[in-house]
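Peer 1: for reference, the sequence and a predicted model appear below.
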Amino acid sequence: MLVIYNDSAVKKRMTLDLKVPAFVACYPEEDNAIKQIEKETKELNQAGVSIRFLIEYVAASPPKGSRDFTLESFDYLISIASRIISLGQESDLIRYKLGKVDIIIDKDGRFATRASKFADTYSSFHNSIIKGEVRQRTENFKYNWIDSEDRLTEDEAAFVQFEAGFNKEFELNYFDFVQLAGMFLEISIRKEVPVVCDPIDKLRLVAKDNYGIEKEVFNQFVAIMSLSKRSSFLYPSKPFEKHDVWPWRFNRELSYLRRPLILHDDFLIFSYNHLYNSMYYLVSLFFNGTFKAKCLEMKQYISKYFNESGEKFNQKVEEYFKLNRDLIVRSQVKKIGKLKIQSENGELGDIDVLAINPNKRIIWLVECKDLNRARTPYEIHHELCKLFIDSEGDSCIVTKHKRRADWFERNLQIAVSNFNIESHNLSQWRVVPFIVISNSMITPLLFDSSIKVICFEELVDMEF
């Protein structure tokens, strides 16, 4: 039943993803549309995380009782799962010093919690998240008609590198993986039932007879794509870590999203919508650079793809500034004239986009960062450190960019003269550094930064 409920929730979310771009295109100025999308998205996200957590728990620790599983039982378990997830997130808030959690005890001795300041900040920020998701769904709308495999194979050289990394990472040939995933999807369609529960021996035989897949290959696919019973839910055996089972964390190796098959008593249980969504999710981890690769080949592929994605975002920001004809725009600036941008400790890195307005006497130094939006306190903590907090032996993005801005302040005469701009009074000139990120993020609201951090959409509100 849990798998059926989850498959239904996945289907609703996939339908919403399809409806949103068309709905917004028809009613672009309708505020109620955004509010309705926000409401539906929030409800589906909360329900989806809770149901998947229950499935992960039951797969690892199968129930032994004889009571019927009713809708009332389901609602009760969902409420408990949701509360566990909420408490886990609040625990991370405290652990990573992102905010305080108020504990409220009523007259009956029951307690409630509220992450006061963080909750208020997140609530005000949530609307921009939904707008970002709407934009992302609109941009990705075309991919609903492009095979995920076609996206991977667009660049033949990159695909060869990806395939080599995939084979090494999973100890499984990529094309065998695709064939087996297709086989499970085909079986789901052919049976015309919401959930398939077939003997593993039967499925292994189908793979051999219809696809020529050997037993060892089939077993490896099941090993990397299934959840199964284990001695302890909270303490999985190596190579997994305890945070791989915490449902309030994302991108976990023991999540139902990463492992859409359930192995129970020599039976494999799976559903079409969740399996399809899981395959899409896995591919997205490679595309957004968040897949936690272990082998060198896959790490190299992800690094290369992520760097290329960053370069494309840099170009997008550069092109935006070039629309303003009052500006002198340069990109990937490593030196001014013959003078390198460096300190006594070495090079300070290049300026992603340099924009000069001679009339206003302003030099904008733009650092471009194509970052994935943090969604949980754990991810927000790491995003906060990456952007704003220096660590031992490594400076944050803001500190590095401030050093470049300080260099320009010291060499303002050379910088202005290099672009053939009259500079009778340098005191009238200003150097303004800021950072443009690809997605709206909550972290700039949580940290008082010396350098402004904005998302790409906010550029239109700035005067250049």
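Peer 2: Yes, it's here.
Peer 1: who's sitting farthest from the centroid in this structure?
Peer 2: Ranking residues of the chain by C-alpha distance from their mean position (CA atoms, centre = their mean) puts His424 at the top, at 48.9 Å.
Peer 1: quick one: that one from Ser417, how far?
Peer 2: According to CB to CB, to the nearest Å, His424 and Ser417 sit 12 Å apart. All C-beta spots, glycine's among them, are computed from the backbone N, C-alpha and C.
Peer 1: you'd agree Tyr281 is up against Leu257?
Peer 2: Yes. Contact criterion CB atoms under 8 Å: Tyr281 and Leu257 qualify, at 5.2 Å.
Peer 1: so between these two, which is more surrounded?
Peer 2: Leu257 (20 against 15; other CB atoms under 10 Å).
Peer 1: pretty sure the more buried one sits against Ser284.
Peer 2: No. If you go by CB under 8 Å, Leu257 and Ser284 don't touch, sitting 10.3 Å apart.
Peer 1: and the helices in the stretch 301-450 of the chain?
Peer 2: Along the stretch 301-450 of the chain, the segments classed as helices by DSSP state H, counting those that start in this stretch run 377-388, 397-410, 412-418, 443-446.
Peer 1: after the last one, next one along is what?
Peer 2: Toward the C-terminal end, the helix or strand that comes next after helix 443-446 (DSSP states H and E) is strand 452-455.
Peer 1: just the buried positions in that next one, please.
Peer 2: Neighbour-count burial for strand 452-455, counted by 16 or more other CB atoms under 10 Å, picks out 453-455.
Peer 1: which one of these sits closest to Gly165?
Peer 2: Among the buried residues of strand 452-455, Cys455 lies closest to Gly165 (CB to CB), at 30.9 Å.
Peer 1: averaged pLDDT, the helix or strand encompassing Ala119. What do you get?
Peer 2: Applying DSSP H and E as the criterion places Ala119 in helix 116-139. Averaging pLDDT along helix 116-139 gives 69.
Peer 1: before we move on, the earlier item: just curious, which of the buried residues of strand 452-455 is nearest to Ser309?
Peer 2: Using CB to CB, Cys455 is the member of the buried residues of strand 452-455 that lies nearest Ser309, at 15.9 Å.
Peer 1: roughly how far apart are the closest one and Cys368?
Peer 2: Cys455 is 11 Å from Cys368, by CB to CB.
Peer 1: residues that sit against both of these two, list them.
Peer 2: Common contact partners of Cys455 and Cys368 (CB atoms under 8 Å, 6 or more residues apart in numbering): Val436.
Peer 1: contact partners for Val436?
Peer 2: Listed by CB under 8 Å, 6+ apart, the contact set of Val436 reads 317, 366-369, 454-456, 459.
Peer 1: was I right to think Val134 contacts Ala22?
Peer 2: No. When contacts are counted by CB under 8 Å, Val134 is not listed as touching Ala22 (11.5 Å).
Peer 1: look at the two and report which has more neighbours.
Peer 2: Higher neighbour count among Val134 and Ala22: Val134, with 19 against 11, using other CB under 10 Å.
Peer 1: for the more buried one, what are its contacts?
Peer 2: Remark: with contacts taken as CB under 8 Å, 6+ apart, Val134 is in contact with 20-21, 24, 34, 37.
Peer 1: how near is the closest residue to Leu254 other than its chain neighbours to Ser86?
Peer 2: Nearest-residue entry for Leu254: Asp244, 4.2 Å, with adjacent residues in sequence omitted and distances by CB to CB, 6 or more residues apart in numbering. Going from Asp244 to Ser86 by CB to CB gives 20 Å.
Peer 1: the bottom helix or strand of the protein by mean pLDDT?
Peer 2: Of all the helices and strands that make up the chain, helix 148-152 has the lowest average by mean pLDDT, DSSP states H and E, namely a mean of 53.
Peer 1: show me what secondary structure element comes after it.
Peer 2: With DSSP H and E, the next secondary element past helix 148-152 is helix 156-170.
Peer 1: outline the domain layout of this structure.
Peer 2: Taking automatic domain parsing as the criterion, the chain consists of the domains 2-145, 153-294, 313-461.
Peer 1: out of those, nearest to Phe306?
Peer 2: It's domain 153-294; of the domains of the chain, that one is closest to Phe306 (CB to CB) at 3.7 Å.
Peer 1: quick one: contacts for Leu285?
Peer 2: Leu285 makes contact with 251, 291, according to CB under 8 Å, 6+ apart.
Peer 1: rank the domains of the chain by pLDDT, which is bottom?
Peer 2: If you rank the domains of the chain by mean pLDDT, domain 2-145 sits at the bottom with a mean of 81.
Peer 1: now do it: distance to the chain's middle.
Peer 2: 16 Å (CA atoms, centre = their mean, to the nearest Å).
Peer 1: any idea how many residues pack against the residue nearest to Gly337 when sequence neighbours are not counted?
Peer 2: Excluding the flanking residues, the one nearest Gly337 by CB to CB, 6+ apart is Asn418, at 4.7 Å. Counted with other CB under 10 Å, residues neighbouring Asn418 total 14.
Peer 1: got it, and Ser303?
Peer 2: Neighbours of Ser303 using other CB under 10 Å come to 12.
Peer 1: again with Leu185
Peer 2: 15.
Peer 1: would you agree it is in contact with Tyr276?
Peer 2: Yes. The pair Leu185 and Tyr276 qualifies as a contact (CB under 8 Å) at a distance of 6.3 Å.
Peer 1: buried residues in the host helix or strand of Tyr76?
Peer 2: Assigned by DSSP H and E, Tyr76 belongs to helix 71-95. Residues 77-78, 81-82, 84-85, 88-90, 92-93 are the ones in helix 71-95 that count as buried (16+ other CB under 10 Å).
Peer 1: which of those sits closest to Ala47?
Peer 2: Out of the buried residues of helix 71-95, the member with the shortest distance to Ala47 (by CB to CB) is Ile78, at 7.2 Å.
Peer 1: can you tell me which residues contact that closest one?
Peer 2: Neighbours of Ile78 in contact, by CB under 8 Å, 6+ apart: 47, 50-51, 54.
Peer 1: try 10 Å
Peer 2: For Ile78, the contact set (CB atoms under 10 Å, 6 or more residues apart in numbering) comprises 2, 5, 46-47, 50-51, 53-54.
Peer 1: also Ile80?
Peer 2: Ile80 touches 50, 53-54, counting by CB under 10 Å, 6+ apart.
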